[in-house]
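Undergrad: whatever this is, show me its structure:
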Amino acid sequence: MSVILIASLLPVILLMAYIYKRDTFNKEPWPLLMKAFLFGVLAAFIDIPVAGLLQFLVPKIASAPGWDAFHTAFFGAAFPEEFCKLLMLYLCIWKNPNFDEYYDGLEYAAFVGLGFAGIENVMYIMQGGLGLAVGRGIFAVPAHFFFAIFMGYFFSLARFRYGNKKRYLFLAYIIPVILHGTYDFLLMYVNNLNGDSDMVQEVSPLAGILYVGFLVFFFFVWRFAVRRVQKMSGQ
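TA: Numbers count the residues shown, from 1 in each chain. As a prediction, this is how the structure comes out:
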């Protein structure tokens, strides 16, 4: 159990340390950051009924690898998960006086996102075994972190650019949804195609192209998120 926890939480801890270290002007209090992290954990549990309700309200209209992947990626994951994260972020820090700099939105959003990613990672690795730890540590956990950076960026704009609160809060939600949904869709579509034993020979080239597309997509999201952190932290 201890090995699973270490494998699950190590990438989370490293990314928390990275975003915290970048805050060089006015360090945020650790108790509030830990509150944001725990709110992220709570978001993962709230997501379960929210995702179930959304999938019930938006049922699948076709049975095909592409549509199945799209429906699960967006309505089973991206829309409900990013909603729960943004809700917890708002409840945690919107009116808190410590939220007084643009970078703070990125930092608190990252801690919420990493709280979500941490508990999700623990559950996945407990079910699937330690073999999942490397892949999820390289892709899944950083992905939640990157989505949170985009959310935090627009969240800060909503907080500090007067007159545009609703617009920027909408962007703080919909941009992570698009990124998250695209990330999951590409991986799920590849898995769906490769999982159909009758179509393996026919679609394996398509699956390969989609996976390369996923890697390119992940690289550009990573580059943009890191540059946003550097710009907002003044480094």
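Undergrad: just checking, what packs against the helix ranked longest in the chain?
TA: In the chain, taking DSSP state H as the definition, the longest helix is helix 200-233. Applying 3 or more Cβ pairs under 8 Å, 6 or more residues apart in numbering; DSSP states H and E, one finds that helix 200-233 contacts helix 102-128, helix 141-160, helix 165-195. Quick note: C-beta positions are derived from backbone N, CA and C, even for glycine.
Undergrad: tell me what angle the second one forms with helix 102-128.
TA: Put simply, helix 141-160 runs at 150 degrees to helix 102-128, going by axes from the mean of the first three to the mean of the last three Cα atoms, to 10 degrees.
Undergrad: what sits against residue 168?
TA: Residues near residue 168 by Cβ atoms under 8 Å, 6 or more residues apart in numbering: 154, 155, 157, 158, 161.
Undergrad: quick check: closest non-adjacent residue to the residue sitting nearest the centre point of the chain.
TA: The centre of the chain sits closest to residue 144, judged by Cα atoms, centre = their mean, with a distance of 2.5 Å. Excluding the flanking residues, the one nearest residue 144 by Cβ to Cβ, 6 or more residues apart in numbering is residue 117, at 3.7 Å.
Undergrad: surely the one you found meets residue 139?
TA: No: Residue 117 lies out of contact with residue 139 (Cβ atoms under 8 Å); the separation is 10.9 Å.
Undergrad: so which of these two has more stuff around it?
TA: Legend: neighbour count by other Cβ atoms under 10 Å for residue 117 and residue 139, higher for residue 117 (29 against 16).
Undergrad: return the distance of the more buried one relative to residue 16.
TA: 10 Å (Cβ to Cβ, to the nearest Å).
Undergrad: list the buried residues for stretch 41-55?
TA: 41, 42, 43, 44, 46, 47, 50, 51, 54, 55 (16 or more other Cβ atoms under 10 Å).
Undergrad: what about residue 214, how many neighbours?
TA: 19.
Undergrad: ok, it - contacts?
TA: Residues in contact with residue 214 (Cβ under 8 Å, 6+ apart) are 183, 186, 187, 190.
Undergrad: now swap in residue 191 and tell me
TA: Each residue near residue 191 by Cβ under 8 Å, 6+ apart is listed here: residue 69.
Undergrad: so for it, what's the pLDDT?
TA: On pLDDT, residue 191 comes in at 83.
Undergrad: also residue 127?
TA: For residue 127, pLDDT reads 88.
Undergrad: so it versus residue 61, what's the distance?
TA: 30 Å.
Undergrad: low pLDDT regions in this protein?
TA: 1, 62-65, 195-204, 235 (pLDDT under 70).
Undergrad: try it again at 80.
TA: For the chain, applying pLDDT under 80 flags the ranges 1-2, 4, 60-66, 162, 192-207, 234-235.
Undergrad: gap between stretch 158-174 and the chain center?
TA: Distance of stretch 158-174 from the chain centroid (Cα atoms, centre = their mean, to the nearest Å) equals 19 Å.
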